[in-house]
Structure formats: C-alpha cells, structure tokens
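Chemist: I'd like to go over a predicted model; first the sequence, then the structure.
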Amino acid sequence: MKKTITVLPGDGIGLEVVKATTTVLDKVAALYGHEFEYKYADIGGTAIDKHENPLPQETVDTCKSSDGVLLGAVGGPKWENHSSGLRPEQGLLGIRKALQLFANLRPVTGHESLTDASSLKKEVVDNVDLMILRELTGGIYFGSPQERRQVDGEEAALDTMIYKKSEIARIVRQGFEMAQLRRNKLTSVDKANVLESSRLWRETVEEIKGDYPDVEVEHMLVDNAAMQIIREPKQFDVMVTGNMFGDILSDAASMLTGSLGMLPSASIGEQPPGLYEPVHGSAPDIEGQNKANPLAMISSAAMMLKYSFKMTEEADALDQAVSDVLSAGHRTGDIAKEGETALSTDEMTNKVIEVMKK
Ligand code: NAD
C-alpha cells in the first residue's frame with residue numbers, strides 16, 4: 001500500500017523524535033511491502049522564523065493532501081515574547097482547527113517493566129490499558145465566545161458550556177467504534193446530576209447504544225471517574241467524554257505510566273488525515289543532545305498505522321517492538337533508574353528497528 005505522510009517536525013526535540021520515527025516507519029514499510037512517502041512542512045517557531053507565520057497556508061495544504069500527519073512538538077524559549085507577537089502554539093491550535101479534528105485519543109498503557117516510574121502501587125498500574133477519547137472542538141473551551149467575559153462592574157466572570165447533539169453523537173460513535181476494536185467496553189463520563197449539557201450527552205449515548213449491541217456501556221459521573229482512574233484503572237477500556245472533563249482526566253491518567261516521553265496521542269476528524277503527536281513538548285533542556293526518548297512519537301506513528309491506514313497488524317507489531325525493547329531493559333535517560341545506562345535517541349530507535357518483526 002502507498003501512503004503519503006506529512007511530517008511536521010516543529011521545534012526542539014520534535015526534529016529528533018520525528019527523524020527517529022520515519023526511520024522506524026521505513027522498517028515497517030520494508031517488512032510489509034508498503035511505500036510511505038514523506039512530505040515535510042514547517043510549523044511552530046521554525047515556521048515563524050522562516051515564514052513569519054506559525055502555520056503557513058502551504059503547511060495546511062500539504063497536510064490536507066496527505067493520508068496522515070506526524071507532528072513532533074512546537075515551542076521554546078526563543079519564541080516566548082517574540083517581537084512579532086506570534087506564538088508557536090498558534091500553529092498547533094490552527095492545524096487542529098484546519099483539519100477539523102474533533103476527537104482526541106490518548107491511550108494509557110502501563111508497561112510492566114516501567115511501573116516503578118509510577119507514583120501508584122505496582123499492582124494498580126501493571127498492564128493498565130485504557131483509552132481516553134476526548135471531544136476536542138466543543139464544550140466550555142469554545143462555548144459562546146461573545147458571552148465569555150468578566151461581567152462588567154461585578155466581581156464575576158462568565159463562560160458558557162454548549163454541546164450540540166450532533167457534536168455529542170459523532171464523538172460517542174467514535175467511542176463505540178474504538179471499543180469494538182478493543183475490549184468492547186465504553187464508559188461515558190459526564191456530570192448529568194448537575195449539568196443540562198451532560199443530560200443531553202447521556203441521552204444521546206442511550207439513543208446510540210442500540211447500534212452497537214456488542215459493546216457494554218456504563219455512565220459515570222466525572223468526580224467518580226477521577227477517583228476510579230486512580231483507584232482501579234484496569235476497570236476501564238474506552239472512556240468517552242467532553243472537552244474539559246477529557247482534558248483533566250487524560251492528564252491524570254497519563255501519570256499512571258510514569259514518563260512524558262512515553263505517551264502518544266492522536267487527533268482525528270470526520271475526514272482524513274488524522275494528526276498524530278506525542279503528548280510531550282519540545283523539551284528545550286535536552287534539545288540537540290540526542291537524549292530525547294523517541295517512544296512517544298513512535299507509538300503515535302503506530303496509532304496512525306492503526307486508525308488512519310487500517311494497518312492493524314503493522315501497528316500491533318510496532319507496539320510489540322516498543323514493549324519488547326522496554327522488557328529487555330533498554331532505557332533513555334528520562335526512564336532510566338539510577339545506575340542504569342541511558343541510551344541515546346538513535347540507540348533507542350535502533351533497538352526498536354532491530355526487534356521489529358512481522
Ligand atoms: P516538555 O514536555 O517539553 O518537557 C518537560 C520535561 O520533560 C523536560 O524536562 C523535558 O526534558 C522532559 N521531556 C519531555 N519529552 C521528553 C522526551 N521525549 N524524552 C525525554 N525527556 C522528555 O514541557 P515544557 O518544558 O513545559 O515545555 C517546553 C516547550 O514545549 C514550551 O515551549 C511549551 O509551550 C512546549 N509544549 C509543546 C507541546 C506540543 O507541541 N504539543 C506540548 C507541551 C509543551
């Protein structure tokens with residue numbers, strides 16, 4: 001199969017982890033007889049320097065004409081308080097909007113060999129495997145912009161939370177479909193005991209669930225979900241929720257596994273391409289030192305294979321390679337314990353390539 005991938009290295013360690021990932025994808029292509037064509041485009045601080053625009057139109061056009069987009073990271077001290085007033089993050093928010101990416105997927109996978117890095121007990125996090133699906137373009141972060149304000153003359157401020165039924169239905173359907181690809185369980189998280197928008201959310205889930213009879217559905221209030229995710233994360237398969245609840249729950253859940261350098265994410269819309277990026281930022285403190293952990297970016301590419309290209313076998317083989325490398329005790333500096341040798345970005349990448357098999 002031939003696929004075109006837009007590569008947006010961005011800034012800082014973004015360049016390093018993206019380079020590592022295309023090398024690994026070349027191995028996938030060689031093993032399975034695929035052809036991946038990479039088109040490079042600028043975003044973030046690099047794009048401000050080159051084009052005086054964190055998201056040049058050319059970058060948007062290149063992304064739209066591809067089958068999947070890989071993004072490294074954006075930002076860094078160089079562009080904080082930049083004289084132009086432009087910010088690298090505008091590129092990130094802009095591309096999510098331009099590609100109409102309404103669903104954000106954050107898998108949380110606890111590798112047994114790494115659970116010492118978690119602040120929770122080993123038996124709670126060993127082999128945890130859940131997916132948080134967050135609605136990304138609606139809810140209180142968008143609301144009704146004309147109403148978002150500090151209320152004049154009063155000690156008060158106002159934000160509005162609006163969800164259209166159509167917005168809820170499309171993310172909830174994604175949740176059901178995701179659950180069908182995993183362990184057939186969907187937890188819908190809301191605050192239906194208080195919020196009208198949550199009552200509509202719950203009603204919509206109830207209306208849709210008949211279309212997915214093979215998926216077990218439960219409703220959970222967000223305060224309980226926050227507690228359960230720490231208490232017993234292994235009870236969850238797919239959690240689907242609105243923008244703000246998903247923002248908070250996914251950050252809490254991300255700490256189950258320990259390191260930022262391990263966490264992938266995907267953002268998808270109704271049309272391709274999806275955008276795949278690590279959760280971490282541009283890590284200016286280790287930039288250019290060949291120290292960055294490439295595994296979050298590599299795992300994001302595995303998500304691209306699975307969700308955008310429907311290459312499930314290839315994605316599973318890549319996830320397995322990452323897991324095998326960790327089980328064999330290989331570590332970059334961010335996940336190495338005292339006394340353990342820290343591999344460079346290139347060395348870790350080569351380990352993944354070495355163990356990757358069909
Ligand atoms: P960060 O994620 O870049 O780094 C936090 C810490 O984690 C640092 O000590 C860093 O060295 C370490 N780290 C992160 N990723 C790592 C990896 N792959 N391997 C090894 N260590 C890793 O967060 P920050 O320091 O708060 O932000 C730095 C810049 O990145 C800022 O400009 C911020 O705006 C930007 N940022 C971008 C994104 C994004 O592009 N999606 C996300 C978060 C932050």
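Modeler: Looks like it came in fine. Residues are numbered from 1 along each chain as shown.

Chemist: can you give me the helices for the stretch 201-350 of the chain?
Modeler: Using DSSP state H, counting those that start in this stretch, the helices of the stretch 201-350 of the chain run over 222-231, 243-254, 295-303, 312-327, 345-355.

Chemist: Run through the chain and note the low-pLDDT ranges.
Modeler: Confidence mapping of the chain against pLDDT under 70 gives the ranges 144-152, 258.

Chemist: Residue ranges of each domain in it, please.
Modeler: As given by automatic domain parsing, the domain ranges for the chain are 1-109+260-358, 119-257.

Chemist: The last one: end-to-end distance?
Modeler: Looking back up the chat, that one is domain 119-257. Distance across domain 119-257, first residue to last, is 9 Å (Cα to Cα, to the nearest Å).

Chemist: Can you tell me how far the closest residue to the ligand within the stretch 1-150 of the chain is from residue 227?
Modeler: Nearest residue of the stretch 1-150 of the chain to the ligand: residue 75, at 2.6 Å (Cβ to the nearest ligand atom). Glycine gets a C-beta too; all of them are placed from N, C-alpha and C. With distances taken as Cβ to Cβ, to the nearest Å, residue 75 is found 33 Å from residue 227.

Chemist: looking at the helices of the stretch 201-350 of the chain, which is closest to the ligand?
Modeler: Of all the helices of the stretch 201-350 of the chain, helix 295-303 comes closest under Cβ to the nearest ligand atom, at 5.7 Å.

Chemist: Could I have the CA atoms of the closest one written out in PDB?
Modeler: C-alpha atoms of helix 295-303 as PDB (Å, rounded to 0.1, in the frame of the first residue of the first chain):
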ATOM      1  CA  LEU A 295       9.000   6.100  22.000                       C
ATOM      2  CA  ALA A 296       6.000   8.500  22.400                       C
ATOM      3  CA  MET A 297       6.400   9.700  18.800                       C
ATOM      4  CA  ILE A 298       7.000   6.100  17.600                       C
ATOM      5  CA  SER A 299       3.800   4.900  19.400                       C
ATOM      6  CA  SER A 300       1.900   7.900  17.900                       C
ATOM      7  CA  ALA A 301       3.000   6.600  14.500                       C
ATOM      8  CA  ALA A 302       1.700   3.100  15.400                       C
ATOM      9  CA  MET A 303      -1.700   4.800  16.100                       C
END
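
Chemist: counting contacts, what elements does it pack onto?
Modeler: Applying 3 or more Cβ pairs under 8 Å, 6 or more residues apart in numbering; DSSP states H and E, one finds that helix 295-303 makes contact with helix 14-32, strand 68-73, strand 101-109, strand 264-269, strand 274-278, helix 312-327, helix 345-355.

Chemist: if we go to 6 Å?
Modeler: helix 14-32, strand 264-269, strand 274-278, helix 312-327 (3 or more Cβ pairs under 6 Å, 6 or more residues apart in numbering; DSSP states H and E).

Chemist: Now do that helix: distance to the chain's middle.
Modeler: How far helix 295-303 lies from its chain's middle: 9 Å, per Cα atoms, centre = their mean, to the nearest Å.

Chemist: The stretch 51-200 of the chain: helices as residue ranges?
Modeler: Along the stretch 51-200 of the chain, counting by DSSP H, counting those that start in this stretch, helices occupy 57-64, 89-98, 122-125, 165-181, 196-208.

Chemist: How about the residues of the stretch 1-150 of the chain by the ligand?
Modeler: 13, 73, 74, 75, 76, 89, 92 (Cβ under 6 Å from any ligand atom).

Chemist: Contact partners for the last one?
Modeler: So that's residue 92. Applying Cβ atoms under 6 Å, 6 or more residues apart in numbering, we find residue 92 in contact with residue 74.

Chemist: out of the domains of the chain, deepest packed?
Modeler: With neighbours defined as mean count of other Cβ atoms under 10 Å, those peak in mean count at domain 1-109+260-358, which reaches a mean of 20.

Chemist: Pull up the distance across that one, start to finish.
Modeler: End-to-end for domain 1-109+260-358, by Cα to Cα: 16 Å.

Chemist: what does the stretch 201-350 of the chain put close to the ligand?
Modeler: Applying Cβ under 6 Å from any ligand atom, we find that the stretch 201-350 of the chain lies next to the ligand at 260-261, 277, 280-286, 292-293, 296, 334.

Chemist: you'd agree the residue of the stretch 1-150 of the chain closest to the ligand is up against residue 283?
Modeler: No: with contact defined as Cβ atoms under 6 Å, residue 75 does not count as touching residue 283 (9.7 Å).

Chemist: Alright, calling it a day.
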